[in-house]
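Engineer: make a model of this:
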Amino acid sequence: MIEVSQTAATALRESLQFSGIEPNKGLRLTQDAENLLLEVDSPRESDRVVWFKKAPILIINRELEHSIGEGLIDVEEGIAVNHLVLRRENAAPHNEYGLPHSPAFSERCYETSAKS
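Structural biologist: Next up is the predicted model:
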């Protein structure tokens, strides 16, 4: 499963708001031959959606998510600009709650598959 850190969720939500994107739209994770991309889109019934502050921030096609595997979308600080990154934590040990025990996974958003 691909998860989103609190920092990345805030950045994605602010980006959508500042860009004037409709509140019912989010960013769809897509893939071309070499890169993962984010595109503005509306959730579909077959998608998994990550919600933040009652708005969709990340839309993931379940087949694409399965092919990518586990990871965490996070923010990496750069010299001039911060970047979104996909952190791979497949081998991370798990804590007593079954969650990955890693600093990268310590801040996470609550996720749901569909809006209730």
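Engineer: buried ones in stretch 10-24?
Structural biologist: Within stretch 10-24, the residues that qualify as buried are Thr10, Ala11, Leu12, Arg13, Leu16, counting by 16 or more other Cβ atoms under 10 Å. C-beta: built from backbone N, CA, C; applies to glycine.
Engineer: what do you get for stretch 38-53?
Structural biologist: Leu38, Pro43, Asp47, Arg48, Val49, Val50, Trp51, Phe52.
Engineer: any chance of these in JSON lines, plus pLDDT and distance to Asn61?
Structural biologist: As requested, the buried residues of stretch 38-53 are arranged in JSON lines below (pLDDT from 0 to 100; distance: Cβ to Cβ, whole Å):
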{"residue": "Leu38", "pLDDT": "93", "distance to Asn61": "13"}
{"residue": "Pro43", "pLDDT": "93", "distance to Asn61": "10"}
{"residue": "Asp47", "pLDDT": "94", "distance to Asn61": "6"}
{"residue": "Arg48", "pLDDT": "94", "distance to Asn61": "8"}
{"residue": "Val49", "pLDDT": "94", "distance to Asn61": "11"}
{"residue": "Val50", "pLDDT": "93", "distance to Asn61": "13"}
{"residue": "Trp51", "pLDDT": "93", "distance to Asn61": "17"}
{"residue": "Phe52", "pLDDT": "91", "distance to Asn61": "19"}
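Engineer: just to revisit the earlier point, and of the buried residues of stretch 10-24, the nearest to Leu64?
Structural biologist: When these are compared for distance to Leu64 (Cβ to Cβ), Leu12 wins out at 17.3 Å.
Engineer: helix, strand, or coil at that closest one?
Structural biologist: Here Leu12 is helix, with the state taken from DSSP: H, G, I helix; E, B strand; the rest coil.
Engineer: I'd like to know how far it sits from Ala33.
Structural biologist: Look at Leu12 and Ala33: by Cβ to Cβ, to the nearest Å, they are 24 Å apart.
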